[in-house]
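Asker: predicted model, plus sequence, below.
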Amino acid sequence: MSKPKFAMYWAASCGGCEIAVLNIHEKILDVDAAFDVVFWPVAMDAKYKDVEAMQDGEITLCLFNGGMRNDENEHIAKLLRKKSKIMVSFGSCACEGCIPGLANFSPIKEVVDTAFSTITTDNPENIRPQISYAMPEGIITIPTLNPVLKTLDQVVDVDYYMPGCPPESHQIAAVVDLVIAALNGKAELPPKGATIGAGNSTVCDECPRKRNVKTIKEFGRIQLMHTDPELCLLEQGIPCNGPATRSGCNARCPSAAAQCIGCYGPAEGVVDYGARLISAFASVIDSNKPDEIDKILDGLVDPAGQFYRFNLAGSLLRSSKSAQKG
Amino acid sequence: MTEETKPFEPVIIGFTCNWCSYRAADMAGTARIKYAPNIRLIRLMCSGRLDPTFVFKAFAGGADAVLISGCHPGDCHYVEQNYKAMRRFHLLKRVLAQLGIEPGRLKLLWASAAEGAIFAAEINKFVEEVRALGPLNWAQPGEQVSTPIMEEVTA
Amino acid sequence: MQRITIDPITRLEGHGKIEIFLNEQGNVTNTYFQIPELRGFERFCVGRPVEEMPLLTNRICGVCPEAHHMAAAKATDAVYHVEVPRTGKMLRELLYSAFYCTDHTTHFYALGGPDFIMGPDAPVAERNILGVIHKVGLEIGGKVIQMRKYGHTVVEIIGGRKVHPCTSIPGGLTKGITEEQRKEIETMGRWAIEFAQFSLQVFNDIVLSNKTYLDLIVGDIYTHKTYYMGMVDENNKVNFYDGKVRVVGPDGKEYVKYEPKDYAAHIAEHVEPWTYLKFPYLKNVGWKGFTDGPDSGVYMATPLSRLNAADGMATPLAQAEYEKFYSTLGGKPVHQRLAIHWARLIELLYAAERWVELATDPEIRSMASTEMGKLPDSFNSTTDMTITHNPVGTDTAIEVRVCSNHHLLVPLLSTFIGNPLQMCASTTMRTITFN
């Protein structure tokens, strides 16, 4: 009997999710034993035409990472959705846009213009990439950039979400075990739409640092202060996104004396990640006077960037106003 | 009047608190003090209940402006929660500005239950300020938000 | 005219497609390697706080985030005009050496190696890491898995996480390592040296002893006589983390050696309208098209080029392999692209030796964790941050400028670090042959 088929694809992403999967180490052999890997560009040579030739639903499990930056990303998302039984929105890019979603602060034209006019760019004729270009031998094409980067579920129906930039390998290993057990009838998959491979609480819950009542008179920047290694970073005025971020990573970064930057996405029940952080940060400010509040807030040098670092594309507003104008 | 010459009518969502500002709006009503119908009021138990999510949802859903209104500082029915609303308001303004939503579209107004006339006047003033800013026209999901930036080039 | 499209390209990091045009005789008239993606880091990093640059640029690539992280970290150090304390530099280089071991292992066994280990005629379904493990057996497969595990463990210990390290901040790191961690790192490093030697033996047995492969490697088909770039230390030996950028010509002679901060005087990026990626070239030689030779500014930055650009390896075992490499291939510089795979394994050995060197140096723990990463007390943020242009390196770019009130650093370009995954022509050629 043939093994169930497995696919993993990267849209507008960085390859970190692929490495995180490889970092399950020996467990990759369990994946190999349980599945036929039929499409995984980082690791093997199957092409788009091979996927197109498959039957609908032929792929049992598809881990799809990367955001929808261009029309090729969307096309492959739709293609893989059609050919897959279970589609997992894998990693922060697919779930909420992640770092490339920060491009949504600017009109796409500005993004392209900046890239093609940097200090070292030699572009006297102000050339921009053309989606279709006629070479002497024939016409060659590249994808069209979307005006605004989108999340996977803004384009296709998603079965499960697995957050993280990238998802931690121990979480991936647990999910691999779960899926293999479910395929063997030994376990039940959670209901459709569930978030898997992550916790139900916030990073603060997993953080080893001591927490007291927070009364912030000044926000600081990590390079300008000695931080107490035992005490909550936010309490020391470092802008840590732990309070709104989903648990599951074992609070990696605060354990390494760096603030949580929010790569695990919104905690359970959070509708808008940035909004939750606004509440959290507003709560810890120790002042009731408007002028003093403003002065304290001046210490947050880039609030929208900090609060929506990974989440802009997946937020309620999705982008800035200027990005919408194109 | 043709469609083109009708003035822009802002849509404003107003979050009021049960004990002060909502009662102020109520009082304006019973005293037959007219104020602009552009504002749709939503009653919360306290301005401290205002989750910034509501503000984002309002703008994302098509509102041109949002009003947050509560008891005067020191008078909060729940003691100090209007200060929370104030701090959230200050931070919200900064974040919204970075996203291209002008500070003039978010207003914080303290109003006691007895200040119906003042409340109405402030609403009317806010409506005109927003009218001057123009419609926000936040793109709805699925809307074509701009034309492709790159052209096809043929030989 | 016949057209062959390879879409997507596989067994590498990133997106790409290749269009090959053949004439009536079935010969290639032209080939285009197009990059279909653009995410816009140059734009969206602007406006973000400077200390986030190592964190944001990580996400340029999740296979080599360490390279972008370190490049950005060095740029932020330069913004603040601070010299990282020796312990901090050593820890960063130690993380980087372990990363090089992992990355080169991933590349050799999972990305490029399957072409050799499985053979050019192997079916598509077998030409990958799983095929490799099936063929070489679980014992060897287990070693490969262990090397990757060790490398990522070191990255996690020093960098805080396995993928996308978070501990480099302007002036140093957020924390140091304990003695227990140091011992663990040392033990893994010693094993890594053995693994590197084992890998060189694998290459010798499977590739160099096979006449077909050897002919492919030394033959003309994958040969380009370009300039070669690499970072070197003060003795002109290969260094991945710090030093000067040295470029040698197709004749092997030094063409230029420059400080990373002067990169904009030496490198420019050519634009073509049919791809989203730009083409770096040597500005002072000039862009002469997609061609090689001493008059073309096209240069290579890969393991092979680093070995070509240097006078040797800084550690003894790697140096012995370096000498064997060049004597086998007929002297310096080597132009045959497939030799990159061999050069990569020599770098793997150097990285492992360097890993142990750093892990056993007492200064790796001479500075207390709590002392690390804070800018000196004498630093005055309102008067000392006066940089406008401070470009710093090869890999990506962040040039930083200060916005006075908010200490908000607006990044524009970036810094140099030896990136193990620089694109090279051999990737293209390999894909054409074996697909």
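Answerer: Okay, I see it.

Asker: how's the chain carved up into domains?
Answerer: In the absence of a named chain, this looks at chain A. Per the record, chain A has its domains at A:5-100+A:152-183, A:102-145, A:203-325, by automatic domain parsing.

Asker: looking at chain C here, not the other one
Answerer: Using automatic domain parsing, the domain parsing of chain C gives C:2-34, C:49-80+C:391-427, C:83-211+C:341-374, C:224-335.

Asker: mean neighbour count, mean pLDDT and distance to B:Thr53 for those domains - can I get that in TSV?
Answerer: Where you see a C-beta, it was placed from the backbone N, CA and C, and this is true even at glycine. Shown next, in TSV, are these (neighbours: other C-beta atoms under 10 Å in any protein chain shown; pLDDT from 0 to 100; distance: least, C-beta to C-beta, whole Å):
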stretch	mean neighbour count	mean pLDDT	distance to B:Thr53
domain C:2-34	17	94	35
domain C:49-80+C:391-427	24	61	25
domain C:83-211+C:341-374	21	93	28
domain C:224-335	19	96	36
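
Asker: nearest to chain B among those would be which one?
Answerer: The minimum distance between chain B and those falls on domain C:224-335, with 7.1 Å, by C-beta to the nearest C-beta.

Asker: ranking the domains of chain A by burial, who's on top?
Answerer: Of all the domains of chain A, domain A:5-100+A:152-183 carries the top mean neighbour count, a mean of 22, counting by mean count of other C-beta atoms under 10 Å in any protein chain shown.

Asker: ok, that one near chain B or not?
Answerer: Yes: Domain A:5-100+A:152-183 lies within reach of chain B by C-beta under 8 Å from any C-beta of the partner chain, at A:Gln154.

Asker: if we can go back for a sec, okay if I get the domains of chain C as TSV plus distance to chain B?
Answerer: Below are the domains of chain C laid out as TSV (distance: least, C-beta to the nearest C-beta, whole Å):
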stretch	distance to chain B
domain C:2-34	14
domain C:49-80+C:391-427	11
domain C:83-211+C:341-374	23
domain C:224-335	7
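
Asker: convert the C-alpha atoms of the helix or strand containing A:Tyr133 to CSV, please.
Answerer: A:Tyr133 is part of strand A:132-135 when elements are defined by DSSP states H and E. Presented in CSV, the C-alpha positions along strand A:132-135 are these (Å, rounded to 0.1, in the frame of the first residue of the first chain):
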residue,chain,number,x,y,z
SER,A,132,6.8,40.1,-19.2
TYR,A,133,9.8,40.9,-21.2
ALA,A,134,10.7,40.0,-24.8
MET,A,135,14.2,38.6,-25.2
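
Asker: same for that strand, what does it pack against?
Answerer: The contact analysis (3 or more C-beta pairs under 8 Å, 6 or more residues apart in numbering or on different chains; DSSP states H and E) places strand A:132-135 against strand A:138-141.

Asker: neighbouring strands of the strand it packs on in the sheet, and parallel or not?
Answerer: Paired strands of strand A:138-141, with direction, are strand A:132-135 (antiparallel) (DSSP bridges).

Asker: quick one: mean pLDDT over the strand it pairs with.
Answerer: Averaged over strand A:132-135, pLDDT sits at 96.

Asker: neighbours of B:Pro37, just the number please.
Answerer: Applying other C-beta atoms under 10 Å in any protein chain shown, we find 10 other residues in the vicinity of B:Pro37.

Asker: how much space between it and C:Thr87?
Answerer: Note on B:Pro37: its distance to C:Thr87, by C-beta to C-beta, to the nearest Å, is 68 Å.

Asker: check which helix or strand covers B:Ile42.
Answerer: Assigned by DSSP H and E, B:Ile42 falls within strand B:39-44.

Asker: so stretch A:163-176, near chain C or not?
Answerer: Yes: under the criterion of C-beta under 8 Å from any C-beta, chain C is reached by stretch A:163-176 at A:165-166, A:169.

Asker: I figured C:Ile20 was touching C:Thr31, is that so?
Answerer: Yes: with contact defined as C-beta atoms under 8 Å, C:Ile20 reaches C:Thr31; the gap is 4.9 Å.

Asker: output the below-cut-off pLDDT ranges for chain B.
Answerer: Filtered on pLDDT under 70, chain B yields the residue ranges B:1-4, B:144-155.

Asker: show me what contacts the residue most central in space within it?
Answerer: The centroid of chain B falls nearest to B:Val66 when counting by C-alpha atoms, centre = their mean (1.0 Å). Listed by C-beta atoms under 8 Å, 6 or more residues apart in numbering or on different chains, the contact set of B:Val66 reads B:12-15, B:55, B:58-59, B:105-107.

Asker: list the contacts of A:Gly197.
Answerer: Applying C-beta under 8 Å, 6+ apart, we find A:Gly197 in contact with A:162-164, A:167-168, A:171-172, A:174-175, A:248.

Asker: what two of those have the greatest distance between them?
Answerer: Spatial extent of the contacts of A:Gly197 (C-beta to C-beta) is set by the pair A:Pro163 and A:Ala174 at 13.9 Å.

Asker: C:Gly252 against C:Asn308, yeah?
Answerer: Yes: between C:Gly252 and C:Asn308 there is a contact under C-beta under 8 Å: 6.8 Å.

Asker: any residues in contact with both of these two?
Answerer: With C-beta under 8 Å, 6+ apart, C:Gly252 and C:Asn308 have common neighbours C:332-333.

Asker: tell me which element the nearest residue to A:Tyr308 once chain neighbours are set aside is part of?
Answerer: Closest residue to A:Tyr308 apart from its sequence neighbours, by C-beta to C-beta, 6 or more residues apart in numbering or on different chains: A:Gly274 at 4.7 Å. For A:Gly274, the host element (DSSP H and E) is helix A:273-284.

Asker: against which helices or strands is that helix packed?
Answerer: Judged by 3+ C-beta pairs under 8 Å, 6+ apart, helix A:273-284 is in contact with helix A:303-307, helix B:52-60, helix B:81-98.

Asker: which outside residues touch it?
Answerer: Contact with helix A:273-284 is made by A:96, A:214-216, A:234-235, A:239, A:241, A:243-245, A:262, A:265-267, A:270, A:300, A:303-304, A:306-308, A:310-311, A:314-316, B:51-53, B:55-56, B:84, B:87-88, B:90-92, B:95, as judged by C-beta under 8 Å, 6+ apart.

Asker: swap the cut-off to 7 Å and go again
Answerer: Applying C-beta atoms under 7 Å, 6 or more residues apart in numbering or on different chains, the contact partners of helix A:273-284 are A:214, A:216, A:234, A:241, A:243-244, A:265-266, A:270, A:307-308, A:311, A:315, B:51-53, B:56, B:84, B:87-88, B:91-92, B:95.
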